[in-house]
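just a sequence and a predicted model for now, questions to come.
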Amino acid sequence: MADFVGAVDQGTTSTRFMIFDHGGREVGRHQLEHEQILPQAGWVEHNPLEIWERTCSVIRTAMHARGLRATDLAALGVTNQRETTVVWNRRTGMPYYNAIVWQDTRTDRIATALERDGRGEVIRRKAGLPPATYFSAGKIQWILENVDGVRAAAEAGEAVFGNTDSWLLWNLTGGVDSGVHITDVTNASRTMLMDLETLDWDDELLSFFDIPRAMLPEIRPSSDPKGYGHTLSGGPFGGEVALTGDLGDQQAATVGQVCFGVGQVKNTYGTGNFMLLNTGTEVVRSRSGLLTTVCYQFGADKPVYALEGSIAVTGSAVQWLRDQLGIISGASESEALARQVADSGGVYFVPAFSGLFAPYWRSDARGAIVGLSRYNTNAHLARATLESICYQTRDVIEAMARDSGVTLDVLRVDGGITANELCMQLQADILGVTVSRPVVAETTALGAAYAAGLAVGFWRDTDELAQNWNEDKCWQPEWTEEQREKGYAGWHKAVRRTLDWVDVD
């Protein structure tokens with residue numbers, strides 16, 4: 001039997017390929033960034049062809065570094081930035097337009113119109129989502145309406161849609177020759193087009209956006225023993241590897257954190273923050289600005305659902321300090337700079353670059369730095385940036401407690417920012433609960449590997465996966481309750497300053 005499972009993790013700023021052994025330990029990886037295309041304010045795009053090229057490159061490099069062949073992998077899983085929308089021609093393999101990224105706000109008029117005329121409530125009831133610029137459907141509609149020839153091609157069955165998982169799976173399995181056009185239930189649940197109960201595309205929802213059903217991929221389980229096909233001999237693996245796992249990145253991280261029990265919570269710190277609460281096989285409707293989403297579906301088992309709090313800008317706020325302001329030369333420097341001061345000096349930074357996501361859902365909001373005086377330095381701004389990550393997380397946890405009645409004792413964390421130990425200490429202080437980081441912090445790729453390996457028997461069941469989880473470090477809260485509540489009150493005051501900044505028709 002092959003000794004390893006591979007996982008492609010196609011993220012917002014980079015693509016990586018990782019290889020894991022039976023103990024869930026990383027044995028190889030390679031990662032490459034791709035260009036962030038910003039044509040105008042609020043627009044964020046990626047080049048799908050560059051993403052495919054980067055995917056091939058990271059696979060080849062990681063496999064070569066370990067001296068591995070396709071036959072050494074028992075299975076391959078894919079995980080991806082969700083909601084990022086690609087429309088391409090199935091005959092030529094060429095995209096009609098750049099991928100429109102989940103952060104993009106160009107569809108605010110579409111979302112506002114849905115909310116205004118009552119269709120928003122139908123979307124909430126069927127898809128578990130509010131009408132927002134975040135999700136895929138409005139982006140598909142924008143491409144159909146604004147890119148020449150796409151509407152006619154879609155109606156002729158030539159133009160097809162997928163989030164980046166579908167784009168990669170199609171290319172990995174042969175593209176124009178034999179590529180499979182599929183997605184999984186977790187990615188489909190992020191489109192505003194899938195009914196959470198039936199796990200199928202919904203004709204009424206499709207009609208809201210005037211999207212031909214033929215554009216959409218087939219919906220499959222997240223871990224599928226039947227498989228999605230195989231990589232080809234001419235592809236980046238140089239041979240056949242069974243594709244058996246596919247999950248959106250945040251659901252993959254939930255699997256990687258082995259949050260298989262009802263009430264378990266994980267928070268992933270990446271470009272944005274994404275917290276998921278496992279609600280089991282019950283669809284829990286949010287009354288507090290959270291999303292109801294599919295968490296995972298393994299084979300023929302019933303789907304498991306989750307409540308999710310999605311935050312648009314967290315890690316990318318640190319990137320902003322680096323790329324736009326130039327006050328740090330690398331993300332790791334944010335911690336050293338922030339440690340130069342004991343607190344933020346009264347400064348709050350609300351990084352509402354793409355509006356505010358959960359629990360506010362305000363596309364009219366824009367970023368603000370408040371509380372400045374001549375006393376403040378770049379160190380105070382760096383510390384306020386880290387605090388903004390933690391305050392936004394508390395907003396989501398408060399909403400989850402209202403919706404589910406679950407009181408959080410421990411927050412399992414993963415993702416790149418968890419390497420910033422000051423940020424994790426601030427997170428424990430602002431929440432007032434223990435924060436726990438696992439040994440394998442890159443749980444997104446691990447979750448995709450777990451889903452793929454379960455499908456082929458590489459791992460027996462979820463109990464065996466749970467035995468792989470080990471804590472690397474935890475942080476205990478040090479702030480007083482008075483300090484915690486005073487800081488949080490100031491955060492809410494700052495958030496109010498960001499609202500009603502952009503006029504949305």
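Arrived safely. Remember, predicted model here, so these are calculated numbers, not experimental data.

name the helices or strands packed onto the top helix by length along the chain?
Counting by DSSP state H, the longest helix found in the chain is helix 378-404. Counting contacts by 3 or more CB pairs under 8 Å, 6 or more residues apart in numbering; DSSP states H and E, helix 378-404 packs against strand 265-269, strand 273-280, strand 304-311, helix 315-320, helix 333-338, strand 348-350, helix 421-431, helix 481-498. C-betas here are computed from N, CA, C, even on glycine.

for the fourth one, buried residues please.
Of the residues in helix 315-320, 315-320 count as buried by neighbour count, 16 or more other CB atoms under 10 Å.

give the rounded mean pLDDT of that helix.
Throughout helix 315-320, pLDDT has a mean value of 90.

in the stretch 251-400 of the chain, which ranges drop under the pLDDT threshold?
Nowhere does the stretch 251-400 of the chain drop to pLDDT under 70.

if we use 80, what do you get?
The stretch 251-400 of the chain contains residues with pLDDT under 80 at 331.

kindly report the same for the stretch 1-150 of the chain.
For the stretch 1-150 of the chain, the ranges with pLDDT under 80 are 1.

how far out from the middle of the chain is stretch 378-396?
Its chain's average C-alpha position is 20 Å from that of stretch 378-396, according to CA atoms, centre = their mean, to the nearest Å.

kindly apply the preceding question to stretch 244-256 instead.
From the chain centre to the centre of stretch 244-256 is a distance of 10 Å (CA atoms, centre = their mean).

using CSV, list the CA coordinates for that stretch.
Provided in CSV are the C-alpha atoms of stretch 244-256 (Å, rounded to 0.1, in the frame of the first residue of the first chain):
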residue,chain,number,x,y,z
THR,A,244,-11.1,11.3,-3.6
GLY,A,245,-11.2,14.4,-1.4
ASP,A,246,-12.5,17.9,-2.1
LEU,A,247,-13.5,20.6,0.5
GLY,A,248,-13.6,24.3,0.8
ASP,A,249,-10.6,25.5,2.8
GLN,A,250,-12.4,26.4,6.0
GLN,A,251,-14.3,23.1,6.1
ALA,A,252,-11.0,21.3,5.4
ALA,A,253,-9.4,23.0,8.3
THR,A,254,-12.3,21.9,10.5
VAL,A,255,-11.6,18.3,9.4
GLY,A,256,-7.9,18.8,9.9
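
what mean pLDDT does the very next helix or strand once past the longest helix of the chain have?
Following helix 378-404 in sequence order, the next helix or strand is strand 410-414 (DSSP states H and E). In this model, strand 410-414 has an average pLDDT of 91.

parallel or antiparallel, which strands does strand 410-414 pair with?
When sheet partners are counted by DSSP bridges, strand 410-414 sits next to strand 265-269 (parallel), strand 434-438 (parallel).

pull out the buried residues from it.
Buried residues in strand 410-414 (16+ other CB under 10 Å): 411-414.

would you list those in a markdown table and tack on distance to Glu115?
Shown next, in a markdown table, are the buried residues of strand 410-414 (distance: CB to CB, whole Å):
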| residue | distance to Glu115 |
| --- | --- |
| Leu411 | 32 |
| Arg412 | 34 |
| Val413 | 33 |
| Asp414 | 33 |
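
pLDDT below threshold where in the stretch 401-505 of the chain?
Along the stretch 401-505 of the chain, the model assigns pLDDT under 80 to residues 406, 441, 503-505.

one step back: from the buried residues of helix 315-320, pick the one nearest Leu499.
Distance to Leu499 across these (CB to CB) is lowest for Ala317, with 18.3 Å.

residues touching the closest one, list them.
Ala317 sits next to 349, 351, 353, 385, 388-389 when contact means CB atoms under 8 Å, 6 or more residues apart in numbering.

ok, Gly345 - how many residues close by?
When counting by other CB atoms under 10 Å, one arrives at 17 neighbours for Gly345.

spatially nearest residue to Arg402 (excluding sequence neighbours)?
Closest residue to Arg402 apart from its sequence neighbours, by CB to CB, 6 or more residues apart in numbering: Ser288 at 4.6 Å.

which one in the chain is furthest away from the centre?
For the chain, the residue at maximal distance from the C-alpha centroid (CA atoms, centre = their mean) is Arg374, at 38.0 Å.

for that one, what are phi and psi?
For Arg374, the backbone dihedrals (degrees, to the nearest 10) come out as phi -70, psi -20.

likewise Asp202?
Dihedral angles (degrees, to the nearest 10) for Asp202: phi -110, psi 130.

for the closest residue to it other than its chain neighbours, list each beta-bridge partner.
Nearest residue to Asp202, sequence neighbours excluded (CB to CB, 6+ apart): Asp195, at 4.4 Å. Residues in a beta bridge with Asp195, per DSSP bridges, are Asp200.

quick one: contacts for Asp195?
By CB under 8 Å, 6+ apart, Asp195 lies in contact with 126-127, 201-202, 205.

mind running it again at 10 Å?
125-128, 188-189, 201-205 (CB atoms under 10 Å, 6 or more residues apart in numbering).

what do you get for Gly245?
For Gly245, counting by CB under 10 Å, 6+ apart, the contacting residues are 5-8, 75-79, 184, 221-224, 227-228, 252, 255, 296, 298, 447-456.

could you do Ala419 as well?
269, 331-332, 335, 437, 441.

rerun that using 8 Å as the cut-off
If a contact means CB under 8 Å, 6+ apart, then Ala419 has 332, 441 as its contacts.

just Arg437 next, same as before
Shown in contact with Arg437 (CB under 8 Å, 6+ apart): 412-414, 418, 424, 471-474.

okay, the strands paired with strand 410-414, which one's buried deepest?
Highest mean neighbour count among those (mean count of other CB atoms under 10 Å): strand 265-269, with a mean of 27.

quick one: that one to strand 273-280, angle?
With axes from the mean of the first three to the mean of the last three CA atoms, to 10 degrees as the basis, strand 265-269 and strand 273-280 are set at 160 degrees to each other.

what angle do strand 265-269 and helix 421-431 make?
Strand 265-269 runs at 140 degrees relative to helix 421-431, counting by the same axes, to 10 degrees.

outside of strand 265-269 itself, list whatever touches it.
For strand 265-269, contacts defined as CB under 8 Å, 6+ apart pick out 249-250, 253-254, 257, 259, 273-278, 314-315, 389, 393, 397, 400, 406, 408, 411-418, 423, 443-444.

give the buried residues for the longest helix of the chain.
378-400, 403-404.
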